[in-house]
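1. sharing a sequence plus its predicted fold:
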Amino acid sequence: MKFRYGEMTWPQIRDAAAAARVAVVPIATIEDHGLHLPVDTDLRLCAAVCEEAVSRAPDRAVLVPAINHGYSPHHMDFPGPITISAETLIRYGVDVCKSLAHHGFKRILIVNGHGSNTPFVDIIARLTVVETGALAAGVNYWAAPGVREAAESLRESEKIGGMNHACEFETSLYLAIAPELVDMSQAVHELSHRPTKNYWTDLIGGDGPLTMMEPWSALTESGVMGDPTKASAEKGRTLLDAAANGVIELIDEMRAREPAIRRDHH
């Protein structure tokens, strides 16, 4: 059964929508990830998680081609990032989801792979619901069910900050997916985001109550925030499996949810 949207014919897409398959939309960005990882890290990892998930559930989901570019202006002091404005990202995402809804997909799951996209993915999902009536939801793949538990069971880096950016978590995943593109001889341990009483950040451990984003070049010399030296392909394979299973759980939950009945009380 075909599950990649781009490889389907239009009758196959029509049938997939009629079968109530969930449209899974990966979204990420292109930006620096230290000296050891390529700039496509967020995109490649997110796309791989979604590919693995949908390939395991082709009767319940389709994999839409990824939205490649996201919101990364704070990374522009490093060569490589490609950023689009918040307004462009929101409208782009909504237009993609509206197209899917127009073709009959009533359940749309947006899977995000870049932290700074998070608020915009939430808005994209909310606007899709308002503008189409379809059920749209967003998730950061590292927050899918079971991923945090798997990551913490493997963690050798610092509890706060060790799994953050180009870190033990992301480097392990990349080593599992495309090890030939990772140069571990250039991996450096860098914890430089200057946590305080109410500000700290960790991809897996979570953030403090004070959320903010300073220019990336003020936070790190290498582009790393965390400890990639603790990464391994074995860890990455465990994380990929957990993330794929977590996304499948969300697909099944969305499929099972009863349609919302809107009532105008004017």
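-> Received it, and whenever you're ready, just let me know what you need.
2. now do the buried residues in stretch 220-237.
-> 220, 222-233, 235-236 (16 or more other Cβ atoms under 10 Å). Placement of C-beta: from N, CA and C, glycine included.
3. just how off-centre is it within its chain?
-> 17 Å (Cα atoms, centre = their mean, to the nearest Å).
4. next one: Thr83 from Asn117, what distance?
-> Relative to Asn117, Thr83 is positioned 11 Å away (Cβ to Cβ, to the nearest Å).
5. shared neighbours, these two?
-> Residues touching both Thr83 and Asn117 (Cβ atoms under 8 Å, 6 or more residues apart in numbering): Thr29, Gly70, Tyr71.
6. is it true that Thr83 touches Pro73?
-> Yes. Using Cβ atoms under 8 Å, Thr83 is in contact with Pro73, at 4.9 Å.
7. who has more neighbours out of the two?
-> Taking neighbours as other Cβ atoms under 10 Å, Thr83 and Pro73 compare with Thr83 leading, 19 against 15.
8. can you give me phi and psi for the nearest residue to that one once chain neighbours are set aside?
-> Nearest residue to Thr83, sequence neighbours excluded (Cβ to Cβ, 6 or more residues apart in numbering): Ser72, at 4.1 Å. Reported as degrees, to the nearest 10, the phi and psi values for Ser72 are phi -140, psi 40.
9. got the contact list for Ser72?
-> Contacts of Ser72 (Cβ under 8 Å, 6+ apart): Thr29, Ile30, Glu31, Pro81, Ile82, Thr83, His114, Ser116.
10. tell me the pLDDT at the third one?
-> Meaning Glu31. Looking at Glu31, its pLDDT stands at 98.
11. for the stretch 51-200 of the chain, which segments are assigned as strands?
-> 61-63, 107-112, 135-140 (DSSP state E, counting those that start in this stretch).
12. how about the helices in the stretch 151-266 of the chain?
-> 168-177, 233-256 (DSSP state H, counting those that start in this stretch).
13. alpha carbons only: can I get the shortest one in PDB?
-> This points to helix 168-177. Output of helix 168-177 as PDB, limited to C-alpha atoms (Å, rounded to 0.1, in the frame of the first residue of the first chain):
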ATOM      1  CA  GLU A 168      23.200  13.700  22.500                       C
ATOM      2  CA  PHE A 169      19.700  13.200  21.300                       C
ATOM      3  CA  GLU A 170      19.800  14.700  17.800                       C
ATOM      4  CA  THR A 171      23.300  13.400  17.100                       C
ATOM      5  CA  SER A 172      22.300   9.900  18.100                       C
ATOM      6  CA  LEU A 173      19.300  10.000  15.700                       C
ATOM      7  CA  TYR A 174      21.400  11.300  12.900                       C
ATOM      8  CA  LEU A 175      24.000   8.500  13.500                       C
ATOM      9  CA  ALA A 176      21.200   6.000  13.200                       C
ATOM     10  CA  ILE A 177      19.800   7.500  10.000                       C
END
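14. ok, residues contacting it?
-> Helix 168-177 is contacted from outside by 33, 36-38, 41, 44-45, 48, 142, 151, 154-157, 162-163, 181-182, 184, 187, 203-204, 226-237, 239-240, using Cβ under 8 Å, 6+ apart.
15. closest to Val54 out of the buried residues of stretch 220-237?
-> Closest approach between the buried residues of stretch 220-237 and Val54, by Cβ to Cβ: Gly236, at 19.2 Å.
16. what's the nearest residue to the closest one if we skip its chain neighbours?
-> Ala176 (2.9 Å).
17. likewise Glu214?
-> Spatial nearest neighbour of Glu214, excluding adjacent residues (Cβ to Cβ, 6+ apart): His74 at 7.2 Å.
18. any idea how far the one you found is from Leu43?
-> When His74 is compared with Leu43 (using Cβ to Cβ), they lie 17 Å apart.
19. these two: who's more crowded?
-> Using other Cβ under 10 Å, the more surrounded residue of His74 and Leu43 is Leu43, with 23 against 17.
20. host element of the more buried one?
-> helix 41-56 (DSSP states H and E).
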